[in-house]
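K.L.:
Sequence first, then the predicted structure:
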Amino acid sequence: MGPPGAGKGTQAKVIAERLSIPAVSTGDIFRANVSAETELGLEAKRYMDAGDYVPDEVTNAMVRDRIAEDDAAQGFLLDGYPRTLAQVEELDGMIKFTGHRLDAVVCLTVDQDEIVSRLLQRAQVEGRADDTEDVIRRRQELYVEQTEPLIEVYQQRGIVVEVDGMGEVTEVTNRIFEALDVLPES
Ligand code: AMP
């Protein structure tokens, strides 16, 4: 977890690869559907372009299907999910059903100035439609209102691992593995 621009996607890919588990990124799945112009993509796009959250029912159903796939049987890393309290509850139900458990919730902390500059840089490199200034602001607001409170929910369960997300990608990756106290596979 962490605000937009904290480096979740970047770290999720590296960590998942080293742990030999899939990174399940709801943002990436939505973007792939938008590109392929699927029905899901057309629905999600309206919300994404405005920086709003895609409705819980749509997002939950998508995650439910994804984590039921064979490659997730041994475990998975979620990136960008859950983002709302309703998603936390749904996820609890889903993993109870699949027999998984949440080992840890990694929270990346970054300062606001760094986030804005990262997002503006990403806008140039990736050309994401939701990296304009207004939409960035909207996404940050939504994060504070709806997603940040989830950290406390997971803190109460004792599974939150806070990691300083500032600095080089590899530095942050090393901090995450240290904090998780697991050995990367390579
Ligand atoms: P991300 O790549 O994680 O920043 O996600 C990009 C956009 O996809 C978000 O701004 C939302 O519009 C949508 N999205 C991704 N994950 C979720 C989620 N868990 N719940 C609702 N909307 C989501």
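P.N.:
Ah, there it is.
K.L.:
Sticking with the residue nearest to Asp131 when sequence neighbours are not counted, tell me its helix or strand.
P.N.:
Spatial nearest neighbour of Asp131, excluding adjacent residues (CB to CB, 6 or more residues apart in numbering): Ala123 at 3.5 Å. (C-beta placed from N, C-alpha, C; glycine too.) When elements are assigned from DSSP states H and E, Ala123 belongs to helix 112-126.
K.L.:
Could you do Val24 as well?
P.N.:
Counting by DSSP H and E, Val24 is part of strand 23-25.
K.L.:
thinking again about what came up before, is the helix or strand just after the helix holding Ala123 in proximity to the ligand?
P.N.:
Counting by DSSP H and E, the element after helix 112-126 in chain order, helix or strand, is helix 133-142. Yes: using CB under 6 Å from any ligand atom, a contact is recorded between helix 133-142 and the ligand, made by Arg139.
K.L.:
repeat for stretch 24-40
P.N.:
Yes: under the criterion of CB under 6 Å from any ligand atom, the ligand is reached by stretch 24-40 at 26-27, 30.
K.L.:
And that stretch, how far out from the chain middle?
P.N.:
Put simply, stretch 24-40 sits 14 Å off its chain's centre (CA atoms, centre = their mean, to the nearest Å).
K.L.:
before we move on, what about stretch 157-164?
P.N.:
Remark: stretch 157-164 is offset 15 Å from the chain centroid, using CA atoms, centre = their mean.
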